[in-house]
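Undergrad: structure of the sequence below:
(chains A, B, C and D)
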There are 2 protein chains.
Amino acid sequence: MNIGQAAAASGLPTKTIRYYEEIGLVPPAARRDSGFRDYGERDIHLLRFVARARSLGFTVEECRQLLALWQDQDRAAGDVKRLTRERIALIDDKIAQLQALRATLAHLERTCHGGNRPDCPILEGLAGGAVS
Amino acid sequence: MNIGQAAAASGLPTKTIRYYEEIGLVPPAARRDSGFRDYGERDIHLLRFVARARSLGFTVEECRQLLALWQDQDRAAGDVKRLTRERIALIDDKIAQLQALRATLAHLERTCHGGNRPDCPILEGLAGGAVS
DNA sequence: GTTTGACCTTCCTGTTGCTGGAAGGTCCAT
DNA sequence: ATGGACCTTCCAGCAACAGGAAGGTCAAAC
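TA: You can find the predicted model right below:
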């Protein structure tokens, strides 16, 4: 399987697959005589795992840990659970921040008449006043 | 006013202030004979504006636009309102994504017993199954 | 058999928004 | 005059890739 097919099968762009290999997140792929990378089922499986974890917001470093746990026969599910909990907490923080942000912006937006007159509460809010 | 005091007054790190000057987001500061940058009230006002806009999630490029609108006497409040609306829409998207993410992770987390046995629904979810 | 075009390789640069550090100059108080 | 806090510039690097150049390879069509 060429890298292009591996990309289609895993959902990762070829660039990203090469990058993950370069930084050692995934082991180097086998090579054909031509120098082309050659992927098998196991490789695809691994790539899909990484793709999924990344799409769930785990950083590359966390993916490294998850992969190690995944491939470790004596892995402790507790470690995985802990990583997941930490990620959930981070996400909650981020959501809260974004919601506060949104409230402030929505408030400014509501008070702006939107016409062509030069006064604009949004800019005034940014310039001087308390913004939240 | 030295850059350190400008930093304290504006809430931006000195590094960031120099960086904003370098990329032309703010005009070059005046210099003393010694070469030190010298900030006045107007400069601080400008820096605070940028700091606030950044903290509200506007990108540096958007800050550039906002500054131009702010300093433009003939500015149209409508433009500002539009920028703000766009930013709110982006934030809403992001919040929705994060909430979906959180739901998936929370589901995995709930189904994980967390013990030391090698089976772990989180890893299994990442590995093969449908994750959401 | 050759030619086309899709695919692959490596390498280098750029992205966003800073942050850290090194090497050196300045300011001010003691 | 000396110490320490401040300032200057420049260079490197962070995440996590994306884009593109220059060149090699593969498979099928002609």
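Undergrad: how about the residues of chain A by DNA strand D?
TA: Counting by CB under 7 Å from any atom of the strand, the positions of chain A adjacent to DNA strand D are A:13, A:15-16, A:19-20, A:32-36, A:54, A:59-61. No exception for glycine: its C-beta is placed from N, CA and C like everyone else's.
Undergrad: and A:D92, what is it in contact with?
TA: By CB atoms under 8 Å, 6 or more residues apart in numbering or on different chains, the residues touching A:D92 are B:R102.
Undergrad: show me which residues of the helix or strand where it lies are buried.
TA: If you go by DSSP states H and E, A:D92 is part of helix A:77-111. Neighbour counts over helix A:77-111 (16 or more other CB atoms under 10 Å in any protein chain shown) mark A:77, A:79-81, A:83-84, A:87-88, A:91, A:94-95, A:98, A:101-102, A:104-105, A:108-109 as buried.
Undergrad: can it be found next to DNA strand C?
TA: No - using CB under 7 Å from any atom of the strand, no contact is recorded between helix A:77-111 and DNA strand C, whose separation bottoms out at 14.2 Å.
Undergrad: next, the angle helix B:77-111 makes with that helix.
TA: Going by axes from the mean of the first three to the mean of the last three CA atoms, to 10 degrees, helix A:77-111 is angled at 160 degrees with respect to helix B:77-111.
Undergrad: and helix A:77-111, average pLDDT?
TA: In this model, helix A:77-111 has a mean pLDDT of 81.
Undergrad: chain center to that helix: distance?
TA: Centroid displacement of helix A:77-111 relative to its chain, using CA atoms, centre = their mean, to the nearest Å, is 15 Å.
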